[in-house]
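In: Fold the following for me, if possible:
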Amino acid sequence: MWYYQVECKNASGNFVSVAVVYDKRGVELTNLQPETVYTYRVRAIDLLGNVGEVSDEISVTTIDDTTAPVITSLGPVSSRYGNSINLRATIYDNVSAVSEVFQISRDNINWTDIKYFDR
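Out: Next comes the predicted model:
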């Protein structure tokens with residue numbers, strides 16, 4: 001065996017390659033949507049490019065992400081600063097947080113987004 005090709009069935013019912021695995025017999029599939037059924041199959045390809053028969057299909061359903069992300073550190077510490085502040089935050093999410101937003105408020109009631117990060 002040279003590598004395994006992992007394929008996933010798309011919305012139109014066709015299988016498309018989602019991973020190529022060379023040195024192990026497992027793969028982590030990412031960017032999956034919650035509460036969605038995915039159907040996979042695998043095929044082996046040898047050094048000469050010969051493609052083996054496809055495996056049986058396997059269908060799996062992802063679960064809903066019900067755990068909110070947690071801020072594990074936030075900086076800088078409360079103090080007085082000059083004309084700029086270097087904000088930093090570390091978050092933990094059991095699945096994968098997709099974005100972070102820094103906001104500012106002068107009255108703790110009205111908040112304005114000042115920086116948005118996509119992951």
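In: buried ones in the helix or strand harbouring Arg41?
Out: In this structure, Arg41 sits in strand 37-45 according to DSSP states H and E. Going by neighbour count (16 or more other CB atoms under 10 Å), the buried part of strand 37-45 is Tyr40, Val42, Arg43, Ala44. Every residue, glycine included, has its C-beta placed from N, CA and C.
In: So what touches the helix or strand following that strand?
Out: Once the chain leaves strand 37-45, the next helix or strand it forms, by DSSP H and E, is strand 58-61. Residues from elsewhere that reach strand 58-61 (CB atoms under 8 Å, 6 or more residues apart in numbering): Glu35, Thr36, Val37, Tyr38, Thr39, Tyr40, Arg41.
In: got those as JSON lines, with distance to Ser79 columns?
Out: Putting those into JSON lines (distance: CB to CB, whole Å) gives the following:
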{"residue": "Glu35", "distance to Ser79": "45"}
{"residue": "Thr36", "distance to Ser79": "46"}
{"residue": "Val37", "distance to Ser79": "51"}
{"residue": "Tyr38", "distance to Ser79": "49"}
{"residue": "Thr39", "distance to Ser79": "55"}
{"residue": "Tyr40", "distance to Ser79": "52"}
{"residue": "Arg41", "distance to Ser79": "58"}
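In: need those residues in JSON lines with distance to Phe117 and pLDDT, can you?
Out: Output for the contacts of strand 58-61, formatted as JSON lines (distance: CB to CB, whole Å; pLDDT from 0 to 100):
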{"residue": "Glu35", "distance to Phe117": "26", "pLDDT": "90"}
{"residue": "Thr36", "distance to Phe117": "25", "pLDDT": "93"}
{"residue": "Val37", "distance to Phe117": "31", "pLDDT": "96"}
{"residue": "Tyr38", "distance to Phe117": "28", "pLDDT": "97"}
{"residue": "Thr39", "distance to Phe117": "33", "pLDDT": "98"}
{"residue": "Tyr40", "distance to Phe117": "32", "pLDDT": "98"}
{"residue": "Arg41", "distance to Phe117": "36", "pLDDT": "97"}
